[in-house]
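Chemist: Any chance you could fold what I've pasted below:
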Amino acid sequence: MLPFENLNRDPAQDHIARGIATDLIIDLSGVEAASVVARSSSFRYEGRPVDLQEVADLLGVKYVVDGTVLRVADNIRVNVSLIDARSERQVWASRFDGNTAELFQFQNQMATKVLEALKINIAQVEPPVQRPPPDFAVTDVFYEARESYFRDDPGQLATARRLLEQILQADPGFKAAHAYLAAIFWAGFDEEWFSRLGLDSQQSLELAWRHLEASLEDPLPLTYQVQARMLAWEGDFGAALQAAENALRLGPNDPVGRLTMGMMLIYTGKPEEALRFVERAAGSDPLNLGDYLFWEGMARYLAGDFSGAERVLRQSVEINKTDDWGHLILAAVLGQQGKGSDAQQALEVVQSLRQDAGASVYGLRDVKYWPFQREADGRRLCDGLAKAGLPGSCE
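Modeler: Numbering: from 1, shown residues only. The predicted model follows:
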């Protein structure tokens, strides 16, 4: 799925084209027989010339969906085409033309037509829950909020929060806003970004739970992805695994859902099984590998594959140079292998990054906050960090 082109040439309208393409990715990811590349990889091609054969090679796809969006006042036209990436032959194309109020119906038709063109038996596809279409003014703001959310930056999350709360004031029944707000407030708590949201840690956590409960009334895959992480943090591992399974049921091809399941398996002491989910997730998001490599490294570390963990964690921190967790687990891996100077250097990066972010320095006492079900996994992490030279005690 390539990003759709905004034919208005007005950057203020770009979020609408992005939003329509993102919705189509989400809809297709909910079909088990459809293999879809993640938005975070396919949208790397936004605003640049596209060589379809290069796309096929880098993303590992056979077909590409692209499109254009033209909005004039209350009218909208969406052109969509399905192209064989190798031959560059157009397999199918269609135009959806009407009032903005009809966009919801357009999107259902688009997903159906793409699946039919791919010869996927839609009779075996469970139809989506038919929610009443929101007013386009609400959809417009939601698309803008979601774009800010996807940037995964504390300042942008604050913008997304403001827009989503604005939506709920206008349309209290818009449950998707609750799912994204739960994710934002959980990130505020988990990533220690709460001050950027104008909150303290406990307020951010309480708001995450409040919006999660509201979202569970009409859940998205994101709802269960966030729920799984929050339940694991609470130590309710059985419920966390069930939430991860629910996320995959709603979005079987969603790489974040696969990664979430991998994380839950890591936390519950099944690192070898987790690797299968993490590697499949990475395969769906080949141009955005940093987070997947981190969790692969964590799984390999807990499974005792220190050399394999070092290899992928070095790749991860090269991609995400400011990821303090990546450098932290790399330090533990290096400590376990007796590479003292390299381990100490990794720890220095950890503490520098945390200080730059306004967070406290990391100590062995903080290992207890990792939600491992098995005590042995916490001990292994503590042991590696102690060998790396991290001060303190895990007791």
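
Chemist: Give me the phi and psi for residue 46.
Modeler: Backbone torsions of residue 46, given as degrees, to the nearest 10, read phi -70, psi 130.

Chemist: In terms of pLDDT, where does it sit?
Modeler: If you check residue 46, the pLDDT there is 83.

Chemist: So it is in contact with residue 3, correct?
Modeler: Yes: the criterion here is C-beta atoms under 8 Å, and residue 46 meets it with residue 3 at 4.1 Å. Every C-beta, even on glycine, is put in place using the N, C-alpha and C of the backbone.

Chemist: Skipping its backbone neighbours, what lies nearest residue 282 in space?
Modeler: Once flanking residues are discounted, residue 282 sits nearest to residue 292: 3.7 Å by C-beta to C-beta, 6 or more residues apart in numbering.

Chemist: give the contact list for the one you found.
Modeler: The contact partners of residue 292, by C-beta atoms under 8 Å, 6 or more residues apart in numbering, come to 255, 259, 278, 279, 281, 282, 285.

Chemist: For those, pick the one with the most neighbours.
Modeler: Compared across these, residue 278 has the highest neighbour count, 29 neighbours, by other C-beta atoms under 10 Å.

Chemist: Out of the contacts of residue 292, which is nearest to residue 310?
Modeler: Within the set of those, residue 278 lies nearest residue 310; the separation is 16.5 Å, counting by C-beta to C-beta.

Chemist: which element is the residue nearest in space to the middle of the chain on?
Modeler: Centroid check for the chain by C-alpha atoms, centre = their mean gives residue 256 as the closest residue, at 4.6 Å. In the assignment (DSSP states H and E), residue 256 maps to helix 255-267.

Chemist: who's in contact with that helix?
Modeler: With contact meaning C-beta under 8 Å, 6+ apart, helix 255-267 is reached by 38, 221-222, 224-225, 228-229, 232, 237, 240-241, 244-245, 247-248, 250-251, 271, 273-278, 280-282, 284-285, 291-292, 295, 298-299, 302, 371-373.

Chemist: can we see that at 7 Å?
Modeler: Residues outside helix 255-267 that contact it (C-beta atoms under 7 Å, 6 or more residues apart in numbering): 38, 221, 225, 228-229, 232, 237, 240-241, 244, 247-248, 251, 273-274, 277-278, 280-281, 284-285, 291-292, 295, 298-299, 302, 371-373.

Chemist: Give me the PyMOL select line for the residues you listed, limited to the buried ones.
Modeler: PyMOL command restricting these to the buried ones, with burial defined by 16 or more other C-beta atoms under 10 Å:
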select buried, resi 38+221+225+228+229+232+237+240+241+244+247+248+251+274+277+278+280+281+284+285+291+292+295+298+299+302+371+372+373
